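Asks: Provide a 3D model corresponding to the input given below.
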Amino acid sequence: MEHKLRKSASDKSIHGVCGGIAEFFGISSFAVRLLFIFLPANIIIYVILANSMAESPRSI
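Replies: As a prediction, this is how the structure comes out:
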């Protein structure tokens, strides 16, 4: 099974970008959120990822 970078459906604060990155790399979403806080140009990167990452499939 191919593992793709997608927005998270379960670990979602705003759009699920940080949760999706954390699920993809198998790390804590808190660590990814901290990275976005301290990263320069974080708003621009987050907006680009929020618009370009695929949605996760809906489950019941």
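Asks: these two touch, right, residue 49 and residue 17?
Replies: Yes - counting by Cβ atoms under 8 Å, residue 49 touches residue 17, with 4.8 Å between them. C-betas here are computed from N, CA, C, even on glycine.
Asks: who has more neighbours out of those two?
Replies: Comparing residue 49 with residue 17 by neighbour count (other Cβ atoms under 10 Å), the higher total belongs to residue 17, at 27 against 17.
Asks: you'd agree the more buried one is up against residue 46?
Replies: Yes - applying Cβ under 8 Å as the test, residue 17 and residue 46 come out as touching, 6.1 Å apart.
Asks: got any ranges where the chain has weak pLDDT?
Replies: For the chain, applying pLDDT under 70 flags the ranges 1, 59-60.
Asks: report the central residue of it.
Replies: residue 17 (2.2 Å; Cα atoms, centre = their mean).
Asks: check contacts around that one.
Replies: 7, 46, 49, 50, 53 (Cβ atoms under 8 Å, 6 or more residues apart in numbering).
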